[in-house]
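Peer 1: Provided below are the primary sequence and the corresponding predicted coordinates.
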Amino acid sequence: MRGDIMMAYAKETKINKVLNEGKGKNNTTQPKIGFIGFGEVTFHVLDGLHQNQFKGFNIYSRPVTDRAKTDFHRERAEKLEANLLFSLQELVEGSDIIISSVRGDTSLEVAEQAAQFIKPGQIFADLNNAIPSVKKKSSAIINSKGAKFVDIALLELPVQTKHRALMYLSGDGALDLMEAMDQFNMNFEYIGAEPGKAAMIKALVNIFMKGLQGVYLEFVLGAQKAGVSLDLLEPLLVKPVLDLPREKDLGFWFIRGALLAGRKESEMKAALELMTDLDVEPLILKATIERLSRVARLKLNQYFDATIPVDEYQRIITKMYQIGNDENIAIR
Ligand SMILES: NC(=O)c1ccc[n+]([C@@H]2O[C@H](COP(=O)([O-])OP(=O)(O)OC[C@H]3O[C@@H](n4cnc5c(N)ncnc54)[C@H](OP(=O)(O)O)[C@@H]3O)[C@@H](O)[C@H]2O)c1
């Protein structure tokens, strides 16, 4: 975490006072932390913390009639030495920090429910995959009760990384939360006071990842129908970027797409026929052609050569907007 920012900020805010009450000289008293939702994320984050000797967390699991599920939750809570609660009011009133880990589509609803019980001095953090506008609404609701809000973007899988999963934090309570949870050695990165900023980053990464999954799905279908072994294809997919550090993939593929758009568009139009012959509905391919066609209209290859260094791809973006302005073409 950004220690300099945190220390500068960790002056005596009301929240810090609440969280620091009762701390001993070694500053190790745990803040009371409550999780809403007892799914994969809550379990694995708490499992990691438990393996590091932290326990006593509150977990709210909504009541269910399914006995087996309740027993399963009880067993898991016992393993974590956590307090399993079936009342949201009890969880909110008994926690300094409340972390909502439910589902993106219930994130706002859960913030509204928690807001009924939340008081000034508490922190409400939302780590759900919800879009920025939803996190902003939740923040306004929580702030209206005098409590602080944290927008958390969870960027790694706790099933793999436990409590060390990378999380980006924004919102007016982000620094307070980092200060309060410092002892847990979690992998937090502060990115600003604005709610929705972390969610925006997460949403963009998500769109990329899901887009890639769409490409893979259509690609595999095509290969299967063509009877070409995937073992043969796997190494070919990564060959062009094999010598590049992985984080340079973006620049590499952006340059290729932007500067060779016209040629690629016509190649892909021909590939449409192939996919149709293979009896694959070319859903992604059609979108690819449309995107290439829009970029091709800008004729970016008049200004740059495709051998432009990967690190310089942002020059092409600047040029795109310049052409858009000059020629009255909406870049969208
Ligand atoms: N799994 C990951 O690695 C990962 C990574 C990044 C982000 N996320 C995000 O983190 C959040 C949690 O993910 P997860 O994988 O832990 O999900 P999960 O395994 O499906 O668990 C969600 C939990 O939330 C509960 N829940 C759902 N709606 C609720 C409501 N309205 N009130 C109270 N509890 C409710 C569910 O209860 P029931 O069982 O009763 O439905 C369940 O216990 C999601 O928003 C997800 O998008 C997850």
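Peer 2: That came through fine.

Peer 1: Give me the phi and psi angles of whichever residue of the stretch 1-150 of the chain sits closest to the ligand.
Peer 2: Using CB to the nearest ligand atom, the closest approach of the stretch 1-150 of the chain to the ligand is made by G39 at 1.7 Å. Just so you know, the C-beta spots here come from the backbone N, C-alpha and C atoms, and that holds for glycine as well. The phi and psi values for G39, taken as degrees, to the nearest 10, are phi -100, psi -160.

Peer 1: got the contact list for it?
Peer 2: 101-102 (CB atoms under 8 Å, 6 or more residues apart in numbering).

Peer 1: 10 Å - rerun?
Peer 2: Going by CB atoms under 10 Å, 6 or more residues apart in numbering, G39 touches 61, 101-103.

Peer 1: Output those residues as CSV; include the columns neighbour count and pLDDT.
Peer 2: Converted to CSV, the contacts of G39 look like this (neighbours: other CB atoms under 10 Å; pLDDT from 0 to 100):
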residue, neighbour count, pLDDT
S61, 22, 95
S101, 25, 98
V102, 23, 98
R103, 14, 96
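
Peer 1: which of those come close to the ligand?
Peer 2: Residues of the contacts of G39 in contact with the ligand (CB under 6 Å from any ligand atom): 61, 101-103.

Peer 1: between those, which is closest to N52?
Peer 2: Sorting the ones next to the ligand among the contacts of G39 by distance to N52 puts S101 at the head of the list, at 19.0 Å, by CB to CB.

Peer 1: Give me the average confidence score over the longest helix seen in the chain.
Peer 2: When the chain is parsed with DSSP state H, its longest helix is helix 197-226. Across helix 197-226, pLDDT averages out at 97.

Peer 1: cool, and stretch 137-157?
Peer 2: For stretch 137-157, the mean pLDDT works out to 98.

Peer 1: what distance separates that stretch from the centre of its chain?
Peer 2: The chain centre lies 14 Å from the centre of stretch 137-157; the measure is CA atoms, centre = their mean, to the nearest Å.

Peer 1: Mind listing what's buried along that stretch?
Peer 2: By 16 or more other CB atoms under 10 Å, the buried positions in stretch 137-157 come out as 137-139, 141-143, 147-155.

Peer 1: can you check stretch 56-65 too?
Peer 2: Using 16+ other CB under 10 Å as the test for burial, stretch 56-65 gives 57-61.

Peer 1: Over to stretch 225-240?
Peer 2: Buried residues in stretch 225-240, defined by neighbour count with 16+ other CB under 10 Å: none.

Peer 1: Distance of the residue of the chain most remote from its centre relative to the ligand?
Peer 2: In terms of distance from the mean C-alpha position of the chain, D277 ranks first, at 38.5 Å (CA atoms, centre = their mean). Computed as CB to the nearest ligand atom, to the nearest Å, the D277 to the ligand distance reads 39 Å.

Peer 1: same deal with D243?
Peer 2: Taking CB to the nearest ligand atom as the measure, D243 and the ligand are separated by 31 Å.

Peer 1: Could you chop the protein up by domain?
Peer 2: Per automatic domain parsing, the structural domains of the chain span 3-194, 229-326.

Peer 1: chain center to the shortest one, what's the gap?
Peer 2: Its chain's C-alpha centre lies 25 Å from the corresponding centre of domain 229-326 when counted by CA atoms, centre = their mean.

Peer 1: Give me the mean pLDDT for that domain.
Peer 2: Domain 229-326 comes out at a mean pLDDT of 96.

Peer 1: Count the neighbours of L84 for me.
Peer 2: Counted by other CB atoms under 10 Å, the residues lying close to L84 total 19.

Peer 1: Secondary structure of it: a helix, I assume?
Peer 2: No - looking at L84 with DSSP: H, G, I helix; E, B strand; the rest coil, it is strand, so not inside a helix.

Peer 1: from memory it sits against R76, does it?
Peer 2: Yes - checked against CB atoms under 10 Å, the pair L84 and R76 is within contact range at 8.3 Å.

Peer 1: got any residues that touch both of these two?
Peer 2: Listed as contacting both L84 and R76 by CB under 10 Å, 6+ apart are 38, 59, 61.

Peer 1: could I get the buried residues of stretch 56-65 as JSON lines with secondary structure?
Peer 2: JSON lines is the format used below for these (three-state DSSP):
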{"residue": "F57", "secondary structure": "coil"}
{"residue": "N58", "secondary structure": "strand"}
{"residue": "I59", "secondary structure": "strand"}
{"residue": "Y60", "secondary structure": "strand"}
{"residue": "S61", "secondary structure": "coil"}
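
Peer 1: Dump those residues into a markdown table; add distance to I123 as well.
Peer 2: Output for the buried residues of stretch 56-65, formatted as a markdown table (distance: CB to CB, whole Å):
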| residue | distance to I123 |
| --- | --- |
| F57 | 15 |
| N58 | 14 |
| I59 | 17 |
| Y60 | 16 |
| S61 | 21 |
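
Peer 1: of these, closest to L272?
Peer 2: The nearest one, if we look at the buried residues of stretch 56-65 relative to L272 and count by CB to CB, is S61, at 49.6 Å.

Peer 1: how near is that closest one to A261?
Peer 2: 51 Å (CB to CB, to the nearest Å).

Peer 1: Over to K225?
Peer 2: Here K225 is placed at a distance of 27 Å from A261 (CB to CB).
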